[in-house]
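Structure for the following, please:
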Amino acid sequence: MDRRYSFYKLTAFAILLYILYVIATHFILDPGAEAFLQHKVDIEHELKPQIWLTVMYIHVGFACLAIASGFINFSARTYETHRRFHRVNGYVYVSSVLIVILTSGYMAPYATGGKISSIGFNLLNILWLFLTSTALVQIFQKRVLQHRRWMIRSFAFCFTNLFIHLLTFVFHQMIGIAYVTSYTLGLYSTILLVLLIPEVLIRMGKPLQTYPHPREKQRPHV
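Prediction:
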């Protein structure tokens, strides 16, 4: 129990730093996204910067909310002692994910890398919607263990942006591939990562999972 709680606290600190970094980058250091927009060349659709920026702000804001609300609900203490808050916060997470998906759908046609990147982002949106919806269905059916596992799968998609930019940096700065190509490679590599990492975590003992509900302790794990 102590090891799992320590892991949760360490992860919470890392996530907090990441959220602060995202907020600082998009709303303070580069509110006009000039560094990012300069790479959007040869796109098929006319980009209207002000509308795109507004949608991007909404996208980033609710993405941060999804990360925070999703992670809070992995807390054993929250789950066991504040069940109503856990439920309401779960709806906050689902609502945030839906808004992130909708705003991502708007921005997909303007994705760096053109049509192939647009397809990748739309694929991510479909997968995230499916995983989150499945997690919701599982809890409606009182299948708490399965709900937790699908939530881990859904939550991994909250870090899509982090993985894309990290991998783009590796491909572009460390390997020397052109930025637009690196971004597309980073995008599709990220799709694989956000699908594989949750499966590894689940098989390693579900470190982010809350402790079992007393009624579930006698149920066999599947």
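
hey, let's count contacts and neighbours off CA atoms from now on
OK.

Do I have it right that Ser118 meets Leu124?
No: counting by CA atoms under 8 Å, Ser118 sits too far from Leu124 to count as a contact (9.9 Å).

What about Thr54, how many residues nearby?
A count of nearby residues for Thr54, using other CA atoms under 10 Å, gives 12.

just Leu124 next, same as before
What Leu124 shows, counting by other CA under 10 Å, is a neighbour count of 22.

pLDDT (mean, whole number) over the one helix or strand it maps to?
According to DSSP states H and E, Leu124 maps onto helix 115-140. In this model, helix 115-140 carries a mean pLDDT of 96.

And the helices in the protein?
For the chain, the helices defined by DSSP state H occupy 2-24, 34-37, 49-72, 76-81, 83-107, 115-140, 144-156, 160-169, 179-203.

ranking these by burial, who's on top?
helix 144-156 (a mean of 22; mean count of other CA atoms under 10 Å).

His59 contacts Val100, doesn't it?
Yes: under the criterion of CA under 8 Å, His59 makes contact with Val100 at 5.1 Å.

Any stretches of the protein with poor pLDDT?
The chain contains residues with pLDDT under 70 at 1-5, 33-47, 206-222.

Let's check: the centremost residue of it is which one?
Residue closest to the average C-alpha location in the chain (CA atoms, centre = their mean): Cys158, at 0.7 Å.

So that one versus Ile15, what's the distance?
According to CA to CA, to the nearest Å, Cys158 and Ile15 sit 11 Å apart.

so who does the closest residue to the residue nearest to the centre of the chain other than its chain neighbours touch?
Distances taken as CA to CA, 6 or more residues apart in numbering put Ile67 closest to Cys158, at 5.9 Å, once the chain neighbours are dropped. Counting by CA atoms under 8 Å, 6 or more residues apart in numbering, Ile67 touches 15, 93, 155, 158.

From what I see, the third one and Ala68 are in contact.
Looking back up the chat, that one is Phe155. No: under the criterion of CA under 8 Å, Phe155 is not in contact with Ala68, lying 10.2 Å apart.

quick one: Arg77 and Asn125, what's the gap?
31 Å.

Now for the spatially closest residue to Lys115 that is not a sequence neighbour, how many residues are close by?
Closest residue in space to Lys115, ignoring its immediate chain neighbours: Pro109 at 7.0 Å, by CA to CA, 6+ apart. Pro109 has 22 neighbouring residues, counting by other CA under 10 Å.

just checking, Pro109 touches Ser118?
Yes: under the criterion of CA under 8 Å, Pro109 makes contact with Ser118 at 5.3 Å.

thinking again about what came up before, would you check how far apart the residue nearest to the centre of the chain and Arg143 are?
23 Å.

Give me the neighbour count for the nearest residue to Ala178 once chain neighbours are set aside.
Spatial nearest neighbour of Ala178, chain neighbours left out: His172 (5.9 Å); criterion: CA to CA, 6+ apart. Residues near His172, counting by other CA under 10 Å, number 19.

ok, His172 to Asn161 distance?
From His172 to Asn161 the distance is 16 Å (CA to CA).

Repeat that for Ser6.
Counting by CA to CA, the gap from Ser6 to Asn161 is 26 Å.

do Lys9 as well
Lys9 is 23 Å from Asn161, by CA to CA.
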